[in-house]
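Visitor: the sequence and its predicted three-dimensional model are supplied below.
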2 protein chains.
Amino acid sequence: MVARTDAIFRKLGAYTTLGPQEAAMLETLQGARTFVAAGKELIYEGQQQHAAYILHDGWTCAYKRLRDGARQIVEIEIPGDFIGLRSLLLRNSDQSVVALTNVEVSKINTDRLWEAFRLTPRLIMTLLWAASRDEAMVTEHLVCVGKRDAMARTAHFLLELGARMELIGLGSATTYRCPLSQSIVADAVGITAIHLNRVLRHLRESDLLLFRDGVVTFLDRDRLAQLTDFDFTYMDHLKPG
Amino acid sequence: MVARTDAIFRKLGAYTTLGPQEAAMLETLQGARTFVAAGKELIYEGQQQHAAYILHDGWTCAYKRLRDGARQIVEIEIPGDFIGLRSLLLRNSDQSVVALTNVEVSKINTDRLWEAFRLTPRLIMTLLWAASRDEAMVTEHLVCVGKRDAMARTAHFLLELGARMELIGLGSATTYRCPLSQSIVADAVGITAIHLNRVLRHLRESDLLLFRDGVVTFLDRDRLAQLTDFDFTYMDHLKPG
DNA sequence: ATGAAGCACTAATTTAAGTTAATATCGAAT
DNA sequence: ATTCGATATTAACTTAAATTAGTGCTTCAT
């Protein structure tokens, strides 16, 4: 039995309270916890078998690669997040997932998922809600990349990550540990690593935020939010209906 | 009883065959068909009630607006598509949907949805699959906007729309009717309308495609696909698992 | 200890896209 | 008829970001 302080419970519990039956089902849905080294692929684009995981510790990212080698990072997963939930429904996975740090995951047992569909529909609804919420973040990400300049995108990206880290108890309003390299962040916000570096310098020199030694520190979160149109209640809007 | 040539059946039927029971349930899930005039909002961001529709005729788009008035179009819906399926699960809708032409829609009856959950789980799985497929397109859209230049984005966008139109029997390999204004396309691919106009001219002068008088014509689809990394089998990858 | 590799950082230059400004066309409304 | 608004179009100019070309700093393996 896993403690209810586990990130997945923190994440789901922020919106709905799972009954003991549902919590138990969530446990049985998972295989044994395994460790995966940084750099290893958990899911690759075009993969035939359906694999989905719950991320317990460490960070991963989902990305797509273009023929010319360029890579767009679609989302970053932090503890408590699901990995590859969507690929359960599609024939092939449409994106790759790689471990950005050493991670601890548990595989979702697909067979029992259909059983859960019958026995604990409320749990399934909660999972669907979590998937919807993640998709809403991808949409927000698209808006960012499509309509904001490099600085706003970067700040928005780091603010959102901070809000998510805070939600699972791994960050405060002013700081959180962020193991991403500048080139990962650049591929996520859709600019070059070199330009990201300039942007970070600009943010630093404007006393807005610091990103150094794997730590993000917000110096003026209000001004940042203003600057980037970030809505701190936006996570709340995504509560279950 | 609606003919099986309806776009929604064409869309779902391209991947799975609905049994008579499931088809009947799909019918009862829908309210009466209604007409909505071009320019009317079907769903607005922050809306409290959950509304979802099936689009039978005409085009709509889902978009988000920034404080500065800029608008990012997240996806275009054509006949046979669902509208606002995700907002059924979240407390507030996270995006707006507007009719781009006069449209015909039917509202999805939420109450019966839970009934359908029990009685025709396979239909629900099909709907979830359709939702996943749409989300995969949003992801593809994000990659496009994040990592491709204006010409590749534009061509990719028009190729994808063409493939979707062909799928529901409203287009051929070389041409389809497209009622979008240049400024709508620009907001979708994340460039200014003026720059889109330049890009379209360039595509025209390169004998790649024409977009005139509400009609898109591909002059050299192979070269376009090559140029934009478009994968014609990509829709197939999204079949149900 | 010593390269090699990866990451962070900077400056100079080029290019793609945005901005401003203006004209043309068409249909709808008065 | 003609004024208005939306859409499409083009050119001139500006700006943001990419590209190219480096430097310095760790860490890690030999």
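Guide: Cool, got the structure.
Visitor: near DNA strand C, which residues of chain A?
Guide: Residues of chain A that fall close to DNA strand C, judged by CB under 7 Å from any atom of the strand: A:S181, A:Q182, A:S183, A:A193, A:I194, A:N197, A:R198, A:L200, A:R201, A:R212. Placement of C-beta: from N, CA and C, glycine included.
Visitor: in those residues, which has the lowest confidence score?
Guide: Here the lowest pLDDT out of the residues of chain A next to DNA strand C sits on A:R212, with 94.
Visitor: coming back round to it: which of the residues of chain A next to DNA strand C tops the neighbour count?
Guide: Greatest neighbour count in the residues of chain A next to DNA strand C, by other CB atoms under 10 Å in any protein chain shown, goes to A:L200: 21 neighbours.
Visitor: strands - which of the residues of chain A next to DNA strand C land there?
Guide: With DSSP state E as the criterion, strands contain A:R212 from among these.
Visitor: farthest-apart pair in the residues of chain A next to DNA strand C, please.
Guide: The two members of the residues of chain A next to DNA strand C with the most space between them (CB to CB) are A:I194 and A:R212, at 17.7 Å.
Visitor: which residue, other than its chain neighbours, is closest to A:L88?
Guide: Excluding its sequence neighbours, the residue lying closest to A:L88 (CB to CB, 6 or more residues apart in numbering or on different chains) is A:H50, at 4.9 Å.
Visitor: so what's the one you found up against?
Guide: A:G84, A:S87, A:L88, A:S93, A:T110, B:G241 (CB atoms under 8 Å, 6 or more residues apart in numbering or on different chains).
Visitor: can you tell me which of those residues are buried?
Guide: Neighbour-count burial (16 or more other CB atoms under 10 Å in any protein chain shown) applied to the contacts of A:H50 gives A:G84, A:S87, A:L88, A:S93, B:G241.
Visitor: rewinding a little: any idea which element the residue nearest to A:L88 lies in?
Guide: Using DSSP states H and E, A:H50 is not contained in any helix or strand.
Visitor: can you map out the helices along chain A?
Guide: For chain A, applying DSSP state H gives helices covering A:7-13, A:20-28, A:110-119, A:121-147, A:150-167, A:182-189, A:193-205, A:221-228, A:234-237.
Visitor: on that earlier part again, and DNA strand D, which of the residues of chain A next to DNA strand C contact it?
Guide: When contact is defined as CB under 7 Å from any atom of the strand, the residues of chain A next to DNA strand C meet DNA strand D at A:I194.
Visitor: which one of the residues of chain A next to DNA strand C is nearest A:Q30?
Guide: A:S181 (29.9 Å).
Visitor: how far away is the closest one from chain B?
Guide: Computed as CB to the nearest CB, to the nearest Å, the A:S181 to chain B distance reads 18 Å.
Visitor: confidence score at A:L119?
Guide: 88.
Visitor: count of residues packed around it?
Guide: 14.
Visitor: outline the domain layout of chain A.
Guide: When chain A is parsed with automatic domain parsing, its domains come out as A:7-132, A:148-237.
Visitor: for B:M137, which of these is the nearest?
Guide: Evaluated with CB to CB, these place domain A:7-132 nearest to B:M137, the distance being 9.4 Å.
Visitor: run the chain-centre distance for that closest one.
Guide: 10 Å (CA atoms, centre = their mean, to the nearest Å).
Visitor: is that domain anywhere near DNA strand D?
Guide: No: on the criterion CB under 7 Å from any atom of the strand, domain A:7-132 is out of touch with DNA strand D, staying 8.6 Å away.
Visitor: quick check: end-to-end length of that domain?
Guide: One end of domain A:7-132 sits 18 Å from the other (CA to CA, to the nearest Å).
Visitor: identify the residue nearest the geometric centre of chain A.
Guide: Geometric centre of chain A, nearest residue: A:E77, 2.8 Å, by CA atoms, centre = their mean.
Visitor: quickly list what it is bridged to.
Guide: Beta-bridge pairing of A:E77 under DSSP bridges involves A:T60.
Visitor: residues touching it, list them.
Guide: So A:E77 contacts A:L55, A:W59, A:T60, A:C61, A:A62, A:I83, A:V97 (CB under 8 Å, 6+ apart).
Visitor: wait, the first one sits on A:V105?
Guide: What it means is A:L55. Yes: contact criterion CB atoms under 8 Å: A:L55 and A:V105 qualify, at 5.6 Å.
Visitor: mutual contacts of those two, please.
Guide: In terms of CB under 8 Å, 6+ apart, A:L55 and A:V105 are both contacted by the residues A:I83.
Visitor: quick one: low-confidence ranges for chain A?
Guide: A:1-5, A:14, A:234-241 (pLDDT under 70).
Visitor: angles on the backbone of A:L170, please.
Guide: phi -110, psi 20 (degrees, to the nearest 10).
Visitor: count of residues packed around the nearest residue to it once chain neighbours are set aside?
Guide: With sequence-adjacent residues excluded and distances taken as CB to CB, 6+ apart, A:L170 is closest to A:Y176, at 6.4 Å. Neighbours of A:Y176 under the rule other CB under 10 Å: 21.
Visitor: quick one, what contacts A:Y176?
Guide: Going by CB under 8 Å, 6+ apart, A:Y176 touches A:L161, A:G162, A:M165, A:E166, A:L170, A:V215, A:V216.
Visitor: ok, the second one to chain B distance?
Guide: Translated: A:G162. Look at A:G162 and chain B: by CB to the nearest CB, they are 20 Å apart.
Visitor: and that residue, how many neighbours?
Guide: So A:G162, with other CB under 10 Å, has 25 neighbours.
Visitor: wait, it touches A:V216, no?
Guide: Yes: here A:G162 reaches A:V216: they are 6.4 Å apart, a contact under CB under 8 Å.
Visitor: can you tell me how far the residue nearest to A:L88 is from A:I8?
Guide: For A:H50, the distance to A:I8 equals 20 Å [CB to CB, to the nearest Å].
Visitor: cool, and A:Q182?
Guide: 29 Å.
Visitor: now do A:G58
Guide: 14 Å.
Visitor: same thing with A:I43?
Guide: Separation of A:I43 from A:I8 (CB to CB): 18 Å.
Visitor: one more: A:A70?
Guide: For A:A70, the distance to A:I8 - CB to CB - is 33 Å.
Visitor: when these two are compared, which one has more neighbours?
Guide: Set A:A70 next to A:I8 and count neighbours by other CB under 10 Å: A:I8 wins out with 22 against 15.
Visitor: separation between the more buried one and DNA strand C?
Guide: A:I8 sits 28 Å away from DNA strand C, going by CB to the nearest atom of the strand, to the nearest Å.
Visitor: how about that residue, nearest residue that isn't a chain neighbour?
Guide: Among residues not flanking A:I8 along the chain, A:G80 sits closest, at 4.9 Å (CB to CB, 6+ apart).
Visitor: tell me the residue of chain A that sits nearest DNA strand C?
Guide: Relative to DNA strand C, the nearest point of chain A is A:Q182 (3.3 Å; CB to the nearest atom of the strand).
Visitor: next up, the contacts around that residue.
Guide: So A:Q182 contacts A:A193, A:L196, A:N197, A:L200 (CB under 8 Å, 6+ apart).
Visitor: what does A:G19 give?
Guide: A:R122.
Visitor: quick check on it: phi, psi?
Guide: Main-chain torsions, A:G19, degrees, to the nearest 10: phi -70, psi 170.
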